[in-house]
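Engineer: can you look at this prediction? I've put the sequence above it.
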Amino acid sequence: MSTSRTAPSQPHTQMSPTSTESSSTAQATTPKMRASNVNFYYGSFKALHDVSLSFEANKVTALIGPSGCGKSTFLRNLNRINETLRDTRIEGEITLDGENILDKDVTEIRRRIGMVFQRPNPFPKSIFENIVYGPKINGMLKKTSAAEIVEKSLRRAALWDEVKDKLHESAYAISGGQQQRLCIARALAVDPEVLLLDEPCSALDPIATAKIEDLLVGLKQQCTIVIVTHNMQQAARVADTTGFFLLGKLIEHDKTDVIFKNPAKRETEDYITGRFG
Amino acid sequence: MTSRNTRRNAVNNVMLALCGLCAFLTVSTLFFTLGYLVYNGGKSVSIDFFTKLPLSPGELGGGMANAILGSAEVVVLATLIGLPIGFFAGIHLAEFGGKTFSLIVRYTADLLNGVPSIVIGIVAWTIIVVPMHHFSALAGGIALSLMLIPITARSTEQFLLEVPRAMREGALALGANKWRAIATVIVPAARKGIMTGMILGIARISGETAPLLFTSFNNQYWSTGLSEPTATLPAMIYFRAISPYDDWHQQAWAAGLVLLALVLLANIAARMVISRGVSLPK
């Protein structure tokens, strides 16, 4: 325990914000999103320490680490949903297409950066109304009809065939796995450029999980995906790059197979091999 | 080992029986009250009771049509004033409140909830009846609304806080601003609970007597407007019950039965309306 507490700070201080993603994947294109030196506080507790990480367009990035390591906190800053909690504070910069999202209108940011939560959270409305909710509040129904958006979004979330005959039934009438895909469809309905997923499969069985994983691999053609997961196999299956968090710090971020087969940091290796966490 | 098991089983059985007995007592209170009212009041409930005005002492018969209408008038007025204020205050408490301000409002609401209704009556009498120089339905409505506001505010707050955080975040994450999320997702999700709380609040104030004695008072005739003294069922029960006439006592029982029946009917009807539509899981 003592090693894992002291060790991360040393390599981290040597890393400049850009060196973290100076892996071979990161050099080719400009990132879709980039977090630079992000510190985050819950009251006086510092939950994130100087995290810098960038997300390539049309790639899946997985964030892994033990419980309480800050991976979800970090994810929840990427669409500023953490702002809704009392007594929180953020420092640093998070950009979307080069613009700092912390300076922009938050509702517009959240339209462009969608989020799917740990447990399915459909609204107490029909399946149809759940999908239309986002487009409606964002004034997108003038250009496209509601029915069109609903079908397109449900198809993108691979749910259309299962629910097309019960669109006007309660969203609670379908299974947990279907509800989670409904939540993905609801997020996709506003055409987000980035999709954040916070342990989206933790409440689901393996079959429902597999469906969502297949879906994510297909979806990355259309948007940039960031997924927080407890499940390392899941990260290995879906992610192009993986970031490892420990005690509020980003220890390492690299191509997924590098992280899993040949990590640069000892903490990462310890975690991957199951020595702790 | 076996003696221990015997003891455990005995405790188990005794406690189960005790809980069952208490549950039975709870329900039987309602049925006993209902039965007693039906027995005593049923005799005097007739068509006349709903259609005729009260008669002077000594004359047999007559009804309480004016009091039934008056009660409805006062309760509707209290609802129109009290529900919106209580509802929005509840939203503020649950969703917007800063720490200190919420604490004060919440604490005040709880205190107001506990204020004896006769005190509410005196307050309404002082601030409305005295300046107006006469009793009025308006004063009665305002007095009852003072009771309805804290009930509604606190129950609305409770049910809003029960909506899972994930649901709020789900709406915000789609680009909804806070009010939009509250109006379109959070309040609808808590709708059943909020409305049930409101109905219970209205049912509660419908039977209040003390505030009305100081405000709307009573009237032998139809009241001609909101600024007139107005007969209500609870006040009528009070004045009839303390009178020396047997016939009037019978009418007090009847009024009690009608009041209870109206409140129960409104309650059941409202619950049936609420039970339609999508509800939260679990």
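Structural biologist: It's in.

Engineer: and A:F245, how many residues sit next to it?
Structural biologist: 27 (other C-beta atoms under 10 Å in any protein chain shown). Every C-beta, even on glycine, is put in place using the N, C-alpha and C of the backbone.

Engineer: repeat that for A:D165.
Structural biologist: Around A:D165 there are 8 residues (other C-beta under 10 Å).

Engineer: and if you look at A:Q234?
Structural biologist: Considering only other C-beta under 10 Å, A:Q234 is surrounded by 22 other residues.

Engineer: that one and A:I212 touch, don't they?
Structural biologist: No - A:Q234 lies out of contact with A:I212 (C-beta atoms under 8 Å); the separation is 9.3 Å.

Engineer: shared neighbours of the two, anything?
Structural biologist: Common neighbours of A:Q234 and A:I212, counting by C-beta atoms under 8 Å, 6 or more residues apart in numbering or on different chains, are A:C201.

Engineer: any figure for the gap between the residue positioned nearest the centre of chain B and B:G82?
Structural biologist: Centroid check for chain B by C-alpha atoms, centre = their mean gives B:R204 as the closest residue, at 2.1 Å. Distance of B:R204 to B:G82, given as C-beta to C-beta, to the nearest Å: 11 Å.

Engineer: enumerate the residues of chain A near chain B.
Structural biologist: Proximity of chain A to chain B, by C-beta under 8 Å from any C-beta of the partner chain, involves residues A:79, A:81, A:84, A:107-108, A:110-111, A:114-115, A:117-119, A:121-126, A:133-134, A:137-138, A:170-172, A:183, A:186-187, A:190.

Engineer: so who does B:G175 touch?
Structural biologist: Going by C-beta under 8 Å, 6+ apart, the list of residues near B:G175 reads A:107-108, A:110-111, A:134, A:137-138, A:190.

Engineer: show me how to select, in ChimeraX, the buried members of these.
Structural biologist: With 16 or more other C-beta atoms under 10 Å in any protein chain shown as the burial test, the buried ones among the contacts of B:G175 are selected in ChimeraX as follows:
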select /A:107,110,111,134,137,138,190
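
Engineer: okay, and which of the contacts of B:G175 map to helices?
Structural biologist: Judged by DSSP state H, the subset of the contacts of B:G175 located in helices is A:107-108, A:110-111, A:134, A:137.

Engineer: ok, back up a step: mark which of the residues of chain A next to chain B are buried, thanks.
Structural biologist: Applying 16+ other C-beta under 10 Å to the residues of chain A next to chain B flags A:79, A:81, A:84, A:107, A:110-111, A:114-115, A:117-119, A:121-126, A:133-134, A:137-138, A:170-172, A:183, A:186-187, A:190 as buried.

Engineer: can you pull out the strands in chain B?
Structural biologist: For chain B, no strands are identified by DSSP state E.

Engineer: what do you get for the stretch 1-150 of chain A?
Structural biologist: Ranges of strands in the stretch 1-150 of chain A, per DSSP state E, counting those that start in this stretch, are A:33-42, A:45-55, A:60-64, A:88-96, A:99-100, A:113-116.

Engineer: including distance to B:L233 and mean pLDDT, could these go into CSV?
Structural biologist: Output for those, formatted as CSV (distance: least, C-beta to C-beta, whole Å; pLDDT from 0 to 100):
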stretch, distance to B:L233, mean pLDDT
strand A:33-42, 55, 95
strand A:45-55, 58, 94
strand A:60-64, 65, 95
strand A:88-96, 53, 94
strand A:99-100, 65, 92
strand A:113-116, 54, 95
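
Engineer: joint contacts of B:R204 and B:G82?
Structural biologist: What both B:R204 and B:G82 touch, as defined by C-beta under 8 Å, 6+ apart, is the set B:M147.

Engineer: and the residue of chain A positioned farthest from its centre, how far is that from A:I174?
Structural biologist: Ranked by distance from the centre of chain A (C-alpha atoms, centre = their mean), the top residue is A:D165, with 30.7 Å. From A:D165 across to A:I174, the span is 12 Å (C-beta to C-beta).

Engineer: for A:E269, same thing?
Structural biologist: 41 Å.

Engineer: contact residues of chain B facing chain A?
Structural biologist: B:164, B:166-177, B:180, B:184-185, B:188-189, B:278-281.

Engineer: show me where chain B has its helices.
Structural biologist: For chain B, applying DSSP H gives helices covering B:2-41, B:47-51, B:65-91, B:99-114, B:117-124, B:130-132, B:137-161, B:165-173, B:178-181, B:187-189, B:191-206, B:210-214, B:233-241, B:246-274.

Engineer: A:C69: which of those helices is closest?
Structural biologist: helix B:165-173 (20.6 Å; C-beta to C-beta).

Engineer: so that closest one versus helix B:137-161, what angle?
Structural biologist: Counting by axes from the mean of the first three to the mean of the last three C-alpha atoms, to 10 degrees, helix B:165-173 lies at 90 degrees to helix B:137-161.

Engineer: ok, A:K125 touching B:R191?
Structural biologist: No - using C-beta under 8 Å, A:K125 makes no contact with B:R191, being 11.3 Å away.

Engineer: re the thing from before, out of the ones in helices among the contacts of B:G175, the closest to A:V51 would be?
Structural biologist: A:R110 (20.4 Å).

Engineer: the closest one: what's it in contact with?
Structural biologist: A:79-81, B:172-175.

Engineer: next one: B:W248
Structural biologist: B:W248 neighbours (C-beta under 8 Å, 6+ apart): B:57, B:240-241.

Engineer: so which of the residues you listed wins on neighbours?
Structural biologist: The residue in these with the most neighbours, by other C-beta under 10 Å, is B:R240 (22 neighbours).

Engineer: what pLDDT is listed against it?
Structural biologist: pLDDT for B:R240: 90.

Engineer: name the nearest residue to it, sequence neighbours excluded.
Structural biologist: Residue nearest to B:R240 in three dimensions, not counting chain neighbours: B:A252, with 3.7 Å by C-beta to C-beta, 6 or more residues apart in numbering or on different chains.

Engineer: and that neighbour, how far from B:F239?
Structural biologist: Taken as C-beta to C-beta, the span from B:A252 to B:F239 is 8 Å.

Engineer: could you measure from A:K59 over to chain B?
Structural biologist: 21 Å (C-beta to the nearest C-beta, to the nearest Å).

Engineer: spatially nearest residue to that residue, not counting backbone neighbours?
Structural biologist: That would be A:D240: by C-beta to C-beta, 6+ apart, it lies 4.2 Å from A:K59.

Engineer: try A:E91
Structural biologist: A:N39 (4.2 Å).

Engineer: give the contact list for the one you found.
Structural biologist: A:46, A:48-51, A:90-92.

Engineer: with B:G141 instead?
Structural biologist: B:73-78, B:80-81, B:216, B:226.

Engineer: repeat the analysis, applying 7 Å as the threshold.
Structural biologist: The contact partners of B:G141, taken as C-beta atoms under 7 Å, 6 or more residues apart in numbering or on different chains, are B:74, B:77-78, B:81.

Engineer: swap in B:I186?
Structural biologist: By C-beta under 7 Å, 6+ apart, the residues touching B:I186 are B:160, B:163, B:167-168.

Engineer: 8 Å instead?
Structural biologist: Neighbours of B:I186 in contact, by C-beta under 8 Å, 6+ apart: B:95, B:160, B:163, B:167-168, B:171.

Engineer: that one and B:A124, how far apart?
Structural biologist: 34 Å.

Engineer: per-residue confidence for A:R186?
Structural biologist: 96.

Engineer: other SSEs contacting the helix or strand that it is a member of?
Structural biologist: Counting by DSSP states H and E, the element that carries A:R186 is helix A:176-188. Applying 3 or more C-beta pairs under 8 Å, 6 or more residues apart in numbering or on different chains; DSSP states H and E, we find helix A:176-188 packed against strand A:113-116, helix A:127-137, helix A:146-156, helix A:160-163, strand A:194-198, helix A:206-219, helix B:165-173.
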